[in-house]
Structure formats: structure tokens, C-alpha cells
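In: Return atomic coordinates for the entry below.
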Amino acid sequence: MLVFEIIGLQGSSDIGYIGKAKAKQFPRLKEIEENVFNCLRFNPTWERHIKYAFSTIQKRKDDFKELRIEVFCPDMMLETLFHAAGDRFEEIPETHLPTFYRHFPMYAFLIDFGEEKHLYAGRVKWCKETHLLKDIIKEVFGSEERFFFLRHSGSLAKFDAKVMHLLGLEYSSDLQVIRRDGTKIYQDIRLTAKGILPASDLPKLYIDDFLKGRFYSFISELVLFYYSNTIM
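Out: This is a model prediction of the structure:
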């Protein structure tokens with residue numbers, strides 16, 4: 001499926017995870033469930049959604065055939081946008097999609113129940129309200145010097161939730177229930193006592209819209225900000 005081609009992980013790390021398991025491979029299934037959350041330490045939204053998906057396997061053990069999951073969750077959004085900007089004009093082979101997609105946080109979790117398949121897909125939505133970069137740096141980090149000190153010491157991740165809030169970005173998940181007679185789609189899912197419901201106000205814009213829509217304002221300023229402070 002296309003979402004797996006976009007993620008394109010070659011192995012697991014502290015920001016990415018790949019796992020596969022078939023029915024009755026219970027030790028492997030438990031191992032995946034325990035390890036996948038290592039790369040979601042700063043992403044409680046996706047953690048909740050993926051935990052819910054695993055709970056459906058427990059409830060439908062007799063139907064469960066296999067699962068496949070890939071998670072990519074870099075935990076520094078300004079860094080993500082900076083690197084994505086550099087790949088704006090390249091394409092992922094055989095997809096005709098811009099290479100910048102591979103820098104974005106994303107997950108795909110496919111569960112095969114035989115008669116139907118459940119595909120959970122995580123994306124980052126954008127509310128179109130974005131603070132200026134200089135205001136984000138000042139409010140979250142205090143100064144440019146402190147931002148780069150924290151960056152070089154690997155300590156930016158714990159500030160990322162506030163950065164994303166000021167950027168107007170938020171983690172979300174969609175669910176496709178795929179049957180022979182058609183596919184039902186739940187966008188921007190909400191977990192309730194009755195199960196999954198789509199959000200009442202569906203998102204219209206995502207992080208790729210942010211990159212393209214703010215390229216000549218916020219993104220250009222971000223690139224200059226990095227280069228002016230001796231990147232890499």
C-alpha cells in the first residue's frame with residue numbers, strides 16, 4: 001500500500017519501527033506491541049490510537065490473520081521541516097510524490113481479519129494558524145542560542161509539543177475498514193466508550209500543505225535561521 005512505500009523504513013530505531021506478525025505468533029505479537037512505543041515517547045496521541053488497534057486484535061483473536069506496522073516519528077518538528085524543505089523538488093521513486101513526505105511523522109498499521117482489513121494511518125494536520133518563527137523561539141526556548149544549545153545536546157524533543165501547538169500542527173489518525181463490498185473511512189479518529197468515531201470537524205489541511213503554503217514565509221525564514229547558526 002502506498003503509505004508503506006512513502007515511509008520506506010529499512011530498520012527500527014529510536015524514531016522508527018517496523019514489525020510483522022502472523023496469527024498464533026503470540027511471542028512476536030507481544031514483542032511488537034511492547035517495542036513499537038519506544039519511538040512514540042513524545043506522541044501520546046498516536047500511542048493511544050495504536051494501543052486501541054492492538055486491543056482489537058485481542059478481541060478478535062479467532063479472526064486475526066496477520067499485521068504489519070511501520071512508524072516513523074522524528075521528535076523535533078522544526079528540524080523535520082528544515083530537512084523537508086531541502087527535498088521539496090525531488091520525488092520518491094515510483095510514487096510521483098515529493099521526497100519531503102519521507103521526512104514527515106507518519107505511521108501505517110495494517111491488521112488482516114480475513115473478511116476485512118483495518119488500515120490505521122497517522123498524519124500531522126494543520127489548522128492554518130502559525131506563529132512567527134522568532135516568536136516560537138522566544139516563547140519556547142528563550143533565545144536562539146539556547147535553541148541551538150539544546151539542539152546540539154539532543155534535548156529538543158521534550159519541547160516539541162509546545163512547538164507544534166504554536167505551529168498549528170497536531171498528530172491525527174485515520175482508519176480504513178476494507179471489505180470486498182467497499183471501504184469505510186474514519187478521518188481524524190476519536191476514541192470513545194462506544195469505539196471509534198470520526199472527528200466532527202474534519203481536517204482539511206496537513207503538514208504538506210504547511211510546507212507548501214508557508215514555503216516563502218515561515219519555511220524560508222526557518223532555513224535561513226538554521227544556516228545562519230552553523231548547521232549540521
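
In: any idea of the mean pLDDT in the helix ranked longest in the chain?
Out: Counting residues, the longest helix in the chain under DSSP state H turns out to be helix 44-59. Average pLDDT, helix 44-59: 94.

In: Which phi and psi values does the residue of the chain positioned farthest from its centre adopt?
Out: The outermost residue of the chain, judged against the average C-alpha position, is D62 (30.2 Å), by C-alpha atoms, centre = their mean. Here is the backbone geometry of D62 (degrees, to the nearest 10): phi -70, psi -30.

In: now E170
Out: In this entry, E170 is assigned phi and psi values of phi -150, psi 140 (degrees, to the nearest 10).

In: ok, back up a step: neighbouring strands for the helix or strand that comes right after the longest helix of the chain, and are they parallel or not?
Out: Using DSSP states H and E, the helix or strand that follows helix 44-59 in sequence is strand 66-72. Strand pairing for strand 66-72, determined by DSSP bridges: strand 16-22 (antiparallel), strand 106-112 (antiparallel).

In: Give the next helix or strand downstream of the last one.
Out: So that's strand 106-112. Reading on from strand 106-112 to the C-terminus, the next helix or strand found by DSSP H and E is strand 116-126.

In: other SSEs contacting that next one?
Out: Secondary-structure packing of strand 116-126 (3 or more C-beta pairs under 8 Å, 6 or more residues apart in numbering; DSSP states H and E): helix 44-59, strand 106-112, strand 169-179, helix 207-213. (Glycine included, C-beta is placed from N, CA and C.)

In: Highest mean neighbour count out of these?
Out: The highest average neighbour count among these, using mean count of other C-beta atoms under 10 Å, belongs to strand 106-112 at a mean of 22.

In: For that strand, what does the pLDDT average out to?
Out: pLDDT averaged over strand 106-112 gives 95.

In: List of residues touching it?
Out: 1, 3-4, 6-7, 46, 50, 53, 56-57, 64-73, 117-123, 173 (C-beta atoms under 8 Å, 6 or more residues apart in numbering).

In: how about stretch 113-123: buried residues?
Out: Going by neighbour count (16 or more other C-beta atoms under 10 Å), the buried part of stretch 113-123 is 113, 116-123.

In: With just CA atoms, put that stretch into PDB.
Out: What follows is stretch 113-123, C-alpha atoms only, in PDB (Å, rounded to 0.1, in the frame of the first residue of the first chain):
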ATOM      1  CA  PHE A 113      -9.000 -10.000  10.000                       C
ATOM      2  CA  GLY A 114      -9.700 -12.200   7.000                       C
ATOM      3  CA  GLU A 115     -13.100 -10.900   5.800                       C
ATOM      4  CA  GLU A 116     -11.900  -7.300   6.400                       C
ATOM      5  CA  LYS A 117      -8.700  -5.400   6.800                       C
ATOM      6  CA  HIS A 118      -8.200  -2.400   9.100                       C
ATOM      7  CA  LEU A 119      -5.600   0.200   8.000                       C
ATOM      8  CA  TYR A 120      -4.700   2.900  10.600                       C
ATOM      9  CA  ALA A 121      -2.700   5.700   9.100                       C
ATOM     10  CA  GLY A 122      -1.100   8.600  11.100                       C
ATOM     11  CA  ARG A 123      -0.600  12.000   9.800                       C
END
